[in-house]
Every structure is written in C-alpha cells, then in structure tokens.
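Visitor: Structure of the sequence below:
(chains A and B)
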Amino acid sequence: MARADSLAKLAWAYGIHLARRRIKRPRSQLAELLETYAPDGIRALEPAERERHPRLVTCINCGLCALAAGRMGRTRLPDLAASYMRLYARVSDASSDLAGDVPDLAAATSACPVGLPLEEVAAAVRRMSLG
Amino acid sequence: MTAAGAYDVVVIGGGVTGAGVARDLSLRGVSVLLLEKGDWGAGTTGSSSWMIHGGPRYLEFDWNTTKLSTQDAGYIVTIARNLVYRVVFLIPVLPHDRNNIERMETAMEVYDRFQPMKHAHPHRRLTAAEALQAEPGLTPDLIGAVTMEEWGVDPHRLVYANVQDAVSHGARALNHARVTELMRDGDKIIGVRYRADGAATEARARVVVNATGPWSPEVGAMAGVDVQLRPAKGIHLIYPHRISNFSISAESIDGRDLLMVAHAGFTLLGTTDDDFYGDLDSVDVQEDEVDYLIQGFERVFPSIRRYRPVRTTTGVRPTLFKWRRYEDELSRRYEILDHSTQGADGFISIAGGKLSMYRLMAEETSDAVCLKLGHEARSTTATTPLPGNESDPVPAAQLAARCGVPALAVVKLQSRHGSNAEKVLDEGGAARILCRCEPVTEAELVYAARHEQVRTLADAFRRVGVAAGPCAGAACIIRSAEVVGRELGWSATQKFDAARDFLRGSWLGRAPVLNHSGWTQEELAQGVMRGLTRN
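Guide: Below is the predicted model of the structure:
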C-alpha cells in the first residue's frame, strides 16, 4: 500500500514538473551552486588541474623530497603532497601553514620515486589555500 | 568468575545503535552497562558510507521512511556539528539511463520538501556544459545533471561520542568484552556473562538489549529466541584523497545506484549489496567486487582507473528479513522486538535500520526498555549536544599558533573533538605530528590511549585516524605503537606485536585493490616493515 501510494505521488509530481518546464524558461543555476557551497570547500578544480589531478595525488610519503628540498613555509614537502593536496576542501583554513619560503621544487620533483610534479602540487595547493 | 555487577540495563553491541541506546538511557537516569566484543563502531557502523542521509531512494517505496530519516538526520546534524560536513552529489544523467533528466529532477523536487528538516539546500539542475564546468572529470556524454545535498560523518567518532556521553552520565562501557552467555531465571533473562581482559564476569540486569546488528540472530539464539534477518554484504573502495569536487552517483552494469562520496580527505566508492551467508567475523572482499564498482564509475568518470585505491572496507547490513525481494529493494526500516512472548522476558532486540536513523532507533528502543522498567523519563538525545559540541571551537589558526601545531592538524583535530580540541592538545602534551598524512598529533593519540579506550592500534586508527592516509601506516605505525605502548605499559615485544597485528589486519583490506596500481605504495611499505612482516 505504501509503495502504491508513493508511486502515485511521484507520478503526480512528475506531471506537475513537466507542466512547469513547459511554462517556465530554464535559467542557469551553476553560479548559485558554486556560491552556495564555496564556504564548505566544495570548489571546482580548474580544468588543467583536473586533467593532471591523478598525477598530483600519487604521493606515497617516502620522504625523499624532504631530503632534497626541505619545506614550503612551515610545511614539509611530503606533507604538501600527502596531506595538503588531499585535504584541499579544508586547506583554506590552514593557509598560514604555507606562507613563507618556496624551496627548490625542481630538485624535490627529481628526487620523487613516483614522479610527482611537486611544482604543480605546490601551485594547486597555494591556489586552493587562498579560498 | 569475578563478582557480579547489577544494572538496570545491559546493552550488547557497541555500534552506533547500541551506543545510542546506552546514551539515551543514561541521559534518562537509567544505570547501563554497554558491552562490545571488539571495538566501538568496528562492525557495520564503521563500514558504512559515512553518511547521514535522508534516503531519497525510499521515495519510491515509502515516503514516511524518508521523512523519519530526514528528520532524524536533522537532529544528528544539530547535536554533532563538529562531526558532520556537507556532501553534495552531482547526479549525471547519461543516454539510456533508467531515469531521464526530467524524472530525476522530479525526484529531487520531491526530496527538496524534506531537505529543510536536515538543514540542507534544495537541488540545482545543470546543463551538460555546466556540469562539466563544475566537475571536469565527468564524461562528456552526459545529457545534464541534478544536485542533491547530504551530510558526511565520521561514524567511528559518532559512536565514540555517544559512548563518551553515556559514560559521563553514569554508564559503564567496555570494549573488547565479549558476551558468552545470557543468564536466565525461568522465562526471564536476568543478565549476561562476558569475558573482558581474560576474566569471566557476570552482570545482572532487569533488561538486556540486543543491539548487535547482523550478529542479532547469534545473540538471540543465546536466549533461545529467533531474530530473523536477511544480512547483506556491502563493500567500499577507499581512495586516500578527493577524486572529485562533488560526490557523484552512477549506475552499475546491472542498473544499481553506486556512489562516489567525496569526504573531507578521502573518497569512498561503493557499494555492493549482496545476500551474505558466511562468517560475520571474517568477511572478505573479492577482486570481482572491486572491478564491478570501478566499471560502474568508469562510465561517468572515465579517469577513475588512473587513481590508486588504498584499501577496501566491508560490512554486513542487518536488513530485516523478507523472502523473494531483490537485495536493493529491501527496506532499511527497523523493528524493536520484545521477546517476552517467546519465553525471554526482559530481552529486547533492535533489528534493521541504518546509520542515519540511529538516534531515533535508540530513542524508540529506550522507550520500550523504560516501559519495562516503569521509568517515565523522556528522551533528550534530539536536543542534547554530543561532547565537543557544547560551544564553538576557537579558530584553527589561533589554536595552532598557541600550541605550535600546523593549522591543518588543528582543523582535523577539531573535526573529531570539536570544542574539546584545546583540552586534547593541552593534556596530550606532545605537539609533534605523528601521522603526517592525516595529519594526527602525538598529543591526540596520547589522549586517546588515556581516555578513549584505545587498546590496539586498530582502535587508534578508528579513534584518531592514524594510518588512514596514502601511506597506510608505513610512516607512522611503529611510532604509534611506541606512543600507545608507553601509555598502556606495553613491553617492547607487545609494541612489536601490536604493529604486526595492525599490518596483518590492514593487509586484508588492501590486498584486493593492489592490482589497481597499489604496488608502488605496497613495495615501500613492505620495505619499511620487512622486520615486522617476515615469518
């Protein structure tokens, strides 16, 4: 009985929806969507970051980049990739961790056994930390 | 056998329902003993999708379930603010999908009527181009998309917050305490016998509650009563990073709904739903289940195979028994069973249900218990905040500067402890970062070992998230064993054994995903852990 009742109500709602779509002109809702959820850290990666994203999260936290190049601001390099890049929805709350010197990221990249492009990771994390 | 304790109620099962019942009764002034054979939330609760959701799927079956679920989700979100975060789904519609975009939007329009109850926003509809702008990883074949908002939650912390609150209101709660027998006096159940710390103990009670989820039939059998379930196995793949901006739903090859849920620092992809007949204490993930999930998502998110899952989780849902129905169509409703008519007076089971409705299930179970006890106090769990939610936490950057801890570590700490984060850092002392992936401070692990019933490294994983990141413990598990061992007085051998046990246990969840580019990490871990894993 509950099932029949539920399906009937859904069918009625479907009819109303179709009628409304015929009458009302659709408008773009993307800007509203992004604005609504920006405070929750749900923000779009840029297309270039998205394309490269699978490469940017491959850190296995071996620590070799730290030996090669040290820290970015107060943040050790493996943490930048193993932690900050992963937690990008929350990274704007921790931008103070990233302020300061930029190490030799090219040296760090060349030390990475999985070929993580640390320059790109640093740029993406910096951009997202700005909110 | 040690001396018997006496309580009004013994609750068996330390998942979210059992912990919720213990909290509810304690807040009403009832004396409670809560017993869990493993660790808090280590069973079905911990292997859930980590969501407090309203259940739009139930709109096809029973709107009342959606209403109850949404309403209770609203209460949980209010009492556990630090533990929850918004999870926003993008539901792409592809050609030949079961539901076209108009039907999908209709469902969301209906669901929007319930959303305010859980403080969620209404849906949005996007064209194909807009959906790709919001989520560039989606397939370009899509027709359009609609959004839907739910809440994410750390289920381990949610369980523990309930346990913690129950204890602070007078309950006694023991993990690693296995019930071996129910005590009887004629037709009445009068208590339990259990083993904890190697010793057998008795606890007498006026009412015994069976809140053991899929283990309910087993515990029911101890009382000679029949609790009938149709257990269903579900697996998830865990990726140790966000894969997408939004969470995404997809359709599997057999038309089931799959979800890729973007949680704070990881992605959970699932789930399967299959009848389960095996050993509940040893549920394995098969490689074909992994492939089934990845295949389903590849259709909507083609780059999914380029990401490396770090582990799997698996659990068994305590679904109510129903003959003939296809697994996905089984109701997630629950039943409170008073077994007095089956010759087991004073014995109550709570069966079925889901994480999103745990508070309501606990309230109704507690109502049934109070009726038996003749206790008239009403439930207050809908409005009483869980520990850490009594006030707003200080800003993360401020606390980080004061304690010399990275702000990101404080953000994570506050997500587990809320306004108690400061106390944890102050008492735990060491501000060093112990698990760098998550990141977790040594102070938090010290605090967990002292005050949060951490007895093993797997308990530490559940309580503070140690070893939950991409290195799966390679960089932190030995140090974690040192810290926990120091607090609990372990010998060097015990610390070594604890680390080895953790690695062996976590291997079971990692092995099924290693052929999906996981070997790079595994070789490093094996190299680091050679001494521990060889023999």
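Visitor: Now the helix or strand containing B:Ala498: average pLDDT?
Guide: Assessed by DSSP states H and E, B:Ala498 sits inside helix B:492-510. Mean per-residue pLDDT for helix B:492-510: 91.
Visitor: Which strands or helices does it pack on?
Guide: Helices and strands touching helix B:492-510, by 3 or more CB pairs under 8 Å, 6 or more residues apart in numbering or on different chains; DSSP states H and E, are strand B:311-317, helix B:457-464, helix B:477-488, helix B:530-533. All C-beta atoms are positioned from the backbone trio N, CA, C, and that covers glycine.
Visitor: Of the ones you listed, which is nearest B:Tyr334?
Guide: Nearest to B:Tyr334, of all those, is strand B:311-317, at 11.5 Å by CB to CB.
Visitor: Return the alpha-carbon coordinates of the closest one using CSV.
Guide: The C-alpha coordinates for strand B:311-317 follow below in CSV (Å, rounded to 0.1, in the frame of the first residue of the first chain):
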residue,chain,number,x,y,z
ARG,B,311,42.1,-0.1,0.8
THR,B,312,38.7,-1.6,1.0
THR,B,313,36.1,-1.8,3.7
THR,B,314,33.4,-4.4,4.0
GLY,B,315,30.5,-4.9,6.3
VAL,B,316,27.2,-6.7,6.6
ARG,B,317,23.9,-4.8,6.8
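Visitor: Which strands border that strand, and is each parallel or antiparallel?
Guide: Sheet pairing of strand B:311-317 (DSSP bridges) gives strand B:232-239 (antiparallel).
Visitor: The strand it pairs with to helix B:492-510, inter-axis angle?
Guide: 100 degrees (axes from the mean of the first three to the mean of the last three CA atoms, to 10 degrees).
Visitor: so how far is strand B:232-239 from its chain's centroid?
Guide: 12 Å (CA atoms, centre = their mean, to the nearest Å).
Visitor: cool, and stretch B:163-182?
Guide: Using CA atoms, centre = their mean, the offset of stretch B:163-182 from its chain centre is 18 Å.
Visitor: One more: stretch B:23-39?
Guide: Remark: stretch B:23-39 is offset 18 Å from the chain centroid, using CA atoms, centre = their mean.
Visitor: which of the residues in it are buried?
Guide: By neighbour count on 16 or more other CB atoms under 10 Å in any protein chain shown, the buried set for stretch B:23-39 is B:23-28, B:30-39.
Visitor: Out of the residues you listed, which sit inside helices?
Guide: Using DSSP state H, the subset of those located in helices is B:Arg23, B:Asp24, B:Leu25, B:Ser26, B:Leu27.
Visitor: I'd like the residues you listed laid out as JSON lines, including distance to B:Thr44 and pLDDT.
Guide: Shown next, in JSON lines, are those (distance: CB to CB, whole Å; pLDDT from 0 to 100):
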{"residue": "B:Arg23", "distance to B:Thr44": "18", "pLDDT": "98"}
{"residue": "B:Asp24", "distance to B:Thr44": "19", "pLDDT": "98"}
{"residue": "B:Leu25", "distance to B:Thr44": "21", "pLDDT": "98"}
{"residue": "B:Ser26", "distance to B:Thr44": "23", "pLDDT": "98"}
{"residue": "B:Leu27", "distance to B:Thr44": "24", "pLDDT": "98"}
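Visitor: and the gap between A:Leu7 and chain B?
Guide: According to CB to the nearest CB, to the nearest Å, A:Leu7 stands 7 Å off from chain B.
Visitor: show me what contacts that residue?
Guide: The contact partners of A:Leu7, taken as CB atoms under 8 Å, 6 or more residues apart in numbering or on different chains, are B:Glu60.
Visitor: Could you check which helix or strand contains it?
Guide: helix A:2-23.
Visitor: how about that helix as CSV, C-alpha atoms only?
Guide: Output of helix A:2-23 as CSV, limited to C-alpha atoms (Å, rounded to 0.1, in the frame of the first residue of the first chain):
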residue,chain,number,x,y,z
ALA,A,2,2.8,2.4,0.9
ARG,A,3,4.5,1.6,-2.3
ALA,A,4,1.4,2.2,-4.5
ASP,A,5,0.8,5.5,-2.6
SER,A,6,4.5,6.6,-3.1
LEU,A,7,4.4,5.8,-6.8
ALA,A,8,1.2,7.6,-7.3
LYS,A,9,2.5,10.7,-5.5
LEU,A,10,5.7,10.6,-7.6
ALA,A,11,3.6,10.3,-10.8
TRP,A,12,1.6,13.4,-9.8
ALA,A,13,4.8,15.3,-9.0
TYR,A,14,6.2,14.2,-12.4
GLY,A,15,3.1,15.7,-14.2
ILE,A,16,3.5,18.9,-12.3
HIS,A,17,7.2,19.1,-13.1
LEU,A,18,6.6,18.6,-16.9
ALA,A,19,3.9,21.2,-17.0
ARG,A,20,6.2,23.7,-15.1
ARG,A,21,9.1,23.0,-17.5
ARG,A,22,6.8,23.9,-20.4
ILE,A,23,5.7,27.2,-18.9
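Visitor: got the buried residues for it?
Guide: A:Ser6, A:Leu10, A:Ala13, A:Tyr14, A:His17.
Visitor: which ones are touching the fourth one?
Guide: By CB under 8 Å, 6+ apart, the contact list for A:Tyr14 reads B:Glu102, B:Arg103, B:Thr106.
Visitor: Kindly recompute the last result at 10 Å.
Guide: B:Glu102, B:Arg103, B:Glu105, B:Thr106, B:Ala107, B:Glu109, B:Val110 (CB atoms under 10 Å, 6 or more residues apart in numbering or on different chains).
Visitor: That'll do, ta.
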